[in-house]
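A.B. asks: need the 3D shape of this:
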Amino acid sequence: MGTFITETWLREHFSLAPGTEIHLPAEGQLTPAARTLIGERRIGVKFIDAAGRTYLESGPAPRDSGDQAVARLKVHPLTSQATREAAACTLCGQEVAHKSEAMTHLDARQLVAKNHPRMHLRGKLDTVIAHAVWVQSELPASGGDGKVALWLADVRSCLGMVLRGEVTGETVPAVQMGELDAEAIHRLSHDPLRYFGHDHIVPDVAQGVTVARLNLLRALIREAELAAANVYIDANYQVTRPDILESLNRLSSAVYVLMMLSYVAALGEPDQPGGHS
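C.D. replies: I've put the predicted structure just below:
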């Protein structure tokens, strides 16, 4: 039996924004209260072991296992698939046993050329996620940027869901950052003077290194959004993946909210949005 993961521990380590995803140690076992909390907030959970292998819960453990834990299934860390499928070339329709360096997976069953527009989009998303993790690693877990660090983890989670949805075709869940849903993020980012007591900011070295790092992340998300627009908006302005475009749009706004939080905290203002009218 592994270490128990309690509701209190979850609240101390994650913002637990509804619809996001968290990673837990593979040896951990969720208490009933922790499991209820996760279920109520529709939070996805992946278990990661010391070797980096990823597992999902798949049902009750066998009765003869002597363990009350839930059984887990090893899956791909991005797609969450447990099995590997044979892939075929989209050009000729034939199954490919050994793909060339010019080809890559569009999804589990299709191979395309690496210059496919969706590969360009995935490259942008990969860069964005890498930068989000880097900014996370540079932020203190407490102090004025403590909430920023916690909410940035939600941004990272949502970016991962965008990438997974692009690869698998699954609908991307609505963006949530801490207590803020997509609509609240939109309001805060468009009227900061009302909610933060400070008007819009433009990039300036005087704003400090945290704001600078977050602003670069915001700009990279915007680049990813434009790459997604090239893929998913046709000549008649019809959007085939509105979930991806809306998620990226809201995520860039979410990072702008984090910029404002960090900046007003550094100025000695409240470290969370207020209700100024």
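A.B. asks: least trustworthy helix or strand in this protein by mean pLDDT?
C.D. replies: Ranked by mean pLDDT, DSSP states H and E, the weakest helix or strand in the chain is strand 88-89, scoring a mean of 56.
A.B. asks: so, low pLDDT: which residues of the stretch 101-250 of the chain?
C.D. replies: Applying pLDDT under 70 to the stretch 101-250 of the chain picks out residues 103-110, 141-145.
A.B. asks: tell me where this protein has helices.
C.D. replies: Counting by DSSP state H, the chain has helices at residues 7-13, 32-40, 117-138, 146-168, 182-190, 192-196, 209-232, 242-266.
A.B. asks: who are the neighbours of the shortest one, in terms of helices and strands?
C.D. replies: In other words, helix 192-196. Applying 3 or more Cβ pairs under 8 Å, 6 or more residues apart in numbering; DSSP states H and E, one finds that helix 192-196 makes contact with helix 182-190, helix 242-266. (Each C-beta comes from the backbone N, C-alpha and C, glycine too.)
A.B. asks: who touches the shortest one?
C.D. replies: This means helix 182-190. For helix 182-190, the external contacting residues (Cβ atoms under 8 Å, 6 or more residues apart in numbering) are 174-177, 180, 195-196, 246, 250, 253-254, 256-257, 260, 273.
A.B. asks: repeat that for stretch 209-225.
C.D. replies: Contacts of stretch 209-225 (Cβ under 8 Å, 6+ apart): 121, 124-125, 127-128, 131-132, 134-135, 138-139, 145, 148, 152, 155, 159, 201, 203, 205, 245, 248-249, 251-252, 255-256, 258-259, 262-263, 266.
A.B. asks: can we see that at 7 Å?
C.D. replies: Applying Cβ atoms under 7 Å, 6 or more residues apart in numbering, the contact partners of stretch 209-225 are 121, 124-125, 127-128, 131-132, 135, 138-139, 145, 203, 245, 248-249, 251-252, 255-256, 258-259, 262-263.
A.B. asks: ok, of those residues, which come out buried?
C.D. replies: Neighbour-count burial (16 or more other Cβ atoms under 10 Å) applied to those gives 121, 124-125, 128, 131-132, 135, 139, 145, 245, 248-249, 251-252, 255-256, 258-259, 262-263.
A.B. asks: can you list the domains in this structure?
C.D. replies: 4-75, 116-266 (automatic domain parsing).
A.B. asks: next, count neighbours for residue 118.
C.D. replies: Neighbours of residue 118 under the rule other Cβ atoms under 10 Å: 18.
A.B. asks: separation between the closest residue to it other than its chain neighbours and residue 45?
C.D. replies: Using Cβ to Cβ, 6 or more residues apart in numbering and skipping the chain neighbours, the partner closest in space to residue 118 is residue 231 (5.6 Å). Plainly put, residue 231 is 30 Å away from residue 45 if you go by Cβ to Cβ, to the nearest Å.
A.B. asks: could you do residue 187 as well?
C.D. replies: Residue 187 is 30 Å from residue 45, where distance means Cβ to Cβ.
A.B. asks: the helices and strands packed on helix 192-196 into JSON lines, with extra columns for distance to residue 22?
C.D. replies: Below are the helices and strands packed on helix 192-196 laid out as JSON lines (distance: least, Cβ to Cβ, whole Å):
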{"stretch": "helix 182-190", "distance to residue 22": "20"}
{"stretch": "helix 242-266", "distance to residue 22": "18"}
